[in-house]
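**Student:** okay, sequence plus prediction incoming.
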Amino acid sequence: MNEAKKRSDQHLVDQAGQQLLRSKLPAHWVLREYRPDYGLDYSLEVFKEADTAGKVRTYETLGEHIFIQLKSVGEAKALPLTIHERGNVEKAPEHLVKDKIAGKVDTYRFSLERSELVTVERMGVGVPVLLVIADLTAQRCSFVCLNDYIDKILIPRNPDYQAKASRTIHVPVMNEIGTMVGETALRWYAKRPKLFAAFQRFVYQENELKWAAESPNWEELAQYFARRIQTYDFWNDAEMWIPLSWWGDAIKRYLETGDLKLLDRADDEKKSKEEIAARHKWEVYELWRQLALLPRTYEDVCREWFLPTALALFSSYPDLPEKDDASPQPTT
């Protein structure tokens, strides 16, 4: 007897996982299937509610996108993972401090083929790719950023990670889409291309200001640079990284008043005009020095957020209870 095409149980699991993922995302965000599929299943575009002054509610795109690789599992098992402290893996290969336990996190273990990991590595880190595990039994979608996982865990731990046909990825269960932590993380990842572009400009501007330090027109250049960067929309939309709002406020204050007020003004009456002018110039140059430091902090700290590492455990989950005496209260 001739037979028609058949649909497997895994097809039903995949369909249920897609529906679960959509149900966990904010309704005004847009999830698009990414076809043909070479390791990337979806692109996600982030929107925010527009200021409509009481009219019909509308949402505007932020121009922010991430990619998603979705793996749906009917009965996913989460197991505890012990997290050890370690040094900065940007400066040396990973060295776990075995006698210092930062804590434990429950993770989903998922094996990814080498080709999938190599594809993500080749993309670089500019646009995040999230591995999302859709746990149909728990009705939970948890994620980890594959770009950062490869860079901050796989390569420091196994420089030849491509030598094996597959690698096991640990996805922290508490990285759950549909929760405060999950939405904050997705918003944060989606801003990465904007931040990387801004970082490039900050470093450029600081260098150019150094060259102009002895020019009588140095402040004209600084004000022009400030006007170029004040319009970035992340200054007041990235509460997860407070320094951005600090320096965004400083840029606005500088353009509106001409005074950064980074240092105390209490004894101004005792200072000469020359001293006040020198302090003002120092503050302007200090602003751009701090801006140019942001990409370094981002690389050292922020790219480990939400990974199964000690630094991530301490800095990504403000409401996480202490695990033991060796686990300080995490802060953002």
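**Tutor:** Yep, it's here. Residues are numbered from 1 along each chain as shown.
**Student:** all helices of the chain, in order?
**Tutor:** Listed in chain order, the helices of the chain (DSSP state H) span 9-24, 114-123, 146-149, 155-157, 180-190, 192-211, 218-229, 242-257, 273-300, 310-315.
**Student:** need the ones you listed in a markdown table (columns: mean neighbour count).
**Tutor:** In this view, the C-beta of every residue, glycine as well, is placed from N, C-alpha and C. Below are the helices of the chain laid out as a markdown table (neighbours: other C-beta atoms under 10 Å):
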| stretch | mean neighbour count |
| --- | --- |
| helix 9-24 | 15 |
| helix 114-123 | 16 |
| helix 146-149 | 24 |
| helix 155-157 | 17 |
| helix 180-190 | 20 |
| helix 192-211 | 16 |
| helix 218-229 | 15 |
| helix 242-257 | 15 |
| helix 273-300 | 16 |
| helix 310-315 | 21 |
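**Student:** mind listing what the residue minimising distance to the centre of the chain touches?
**Tutor:** Against the mean C-alpha coordinate of the chain, by C-alpha atoms, centre = their mean, the closest residue is Tyr189 at 3.9 Å. Neighbouring residues of Tyr189 by C-beta atoms under 8 Å, 6 or more residues apart in numbering: Ile66, Pro128, Leu130, Cys145.
**Student:** now do 10 Å
**Tutor:** When contacts are counted by C-beta atoms under 10 Å, 6 or more residues apart in numbering, Tyr189 touches 44, 46, 64-67, 127-130, 143, 145, 147-148, 305-306.
**Student:** got it, and Trp188?
**Tutor:** By C-beta under 10 Å, 6+ apart, the residues touching Trp188 are 64, 66, 128, 145, 195, 238-241, 302, 305-306, 316.
**Student:** if we can go back for a sec, to Asp135, which of the helices of the chain lies closest?
**Tutor:** Comparing those against Asp135 with C-beta to C-beta, the closest turns out to be helix 9-24 (8.4 Å).
**Student:** now do the domain split for this structure, please.
**Tutor:** Taking automatic domain parsing as the criterion, the chain consists of the domains 1-175, 193-300.
**Student:** hmm, Lys261 and Val284 touching each other?
**Tutor:** No - with the criterion set as C-beta atoms under 10 Å, Val284 and Lys261 do not qualify as a contacting pair; they are 11.7 Å apart.
**Student:** re earlier: ok, the contacts of Trp188 vs Val97, which is closest?
**Tutor:** Checking those against Val97 by C-beta to C-beta gives Ser316 as the nearest, at 19.6 Å.
**Student:** who touches that closest one in this structure?
**Tutor:** By C-beta under 10 Å, 6+ apart, the contact list for Ser316 reads 172, 174-175, 181, 184-185, 188, 240, 302, 304-307, 309, 330-332.
**Student:** pull out the buried residues from the residues you listed.
**Tutor:** Applying a neighbour-count criterion of 16 or more other C-beta atoms under 10 Å, the buried members of these are 172, 174-175, 181, 184-185, 188, 240, 302, 304-307, 309, 330.
**Student:** who wins on neighbours among the contacts of Tyr189?
**Tutor:** Comparing those on neighbour count, Phe306 comes out first with 28 neighbours (neighbours: other C-beta atoms under 10 Å).
**Student:** got a pLDDT number for that one?
**Tutor:** In the predicted model, Phe306 carries a pLDDT score of 97.
**Student:** ok, it touching His170?
**Tutor:** No - contact between Phe306 and His170 fails when scored by C-beta under 10 Å: they sit 11.8 Å apart.
**Student:** who touches both of the two?
**Tutor:** Common contacts of Phe306 and His170 (C-beta under 10 Å, 6+ apart): Val144, Tyr149.
**Student:** how about the contacts made by the nearest residue to Leu25 once chain neighbours are set aside?
**Tutor:** Closest residue in space to Leu25, ignoring its immediate chain neighbours: Leu31 at 6.1 Å, by C-beta to C-beta, 6 or more residues apart in numbering. With C-beta under 10 Å, 6+ apart as the criterion, the residues that contact Leu31 are Gln18, Leu21, Arg22, Leu25, Asp41, Tyr42, Ser43, Leu44, Glu45, Ile68, Leu70.
**Student:** just send these back as a markdown table, with pLDDT and distance to Leu81 too.
**Tutor:** As requested, the contacts of Leu31 are exported to a markdown table (pLDDT from 0 to 100; distance: C-beta to C-beta, whole Å):
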| residue | pLDDT | distance to Leu81 |
| --- | --- | --- |
| Gln18 | 95 | 27 |
| Leu21 | 97 | 23 |
| Arg22 | 96 | 28 |
| Leu25 | 97 | 26 |
| Asp41 | 94 | 25 |
| Tyr42 | 96 | 27 |
| Ser43 | 96 | 30 |
| Leu44 | 97 | 26 |
| Glu45 | 97 | 32 |
| Ile68 | 97 | 23 |
| Leu70 | 96 | 22 |
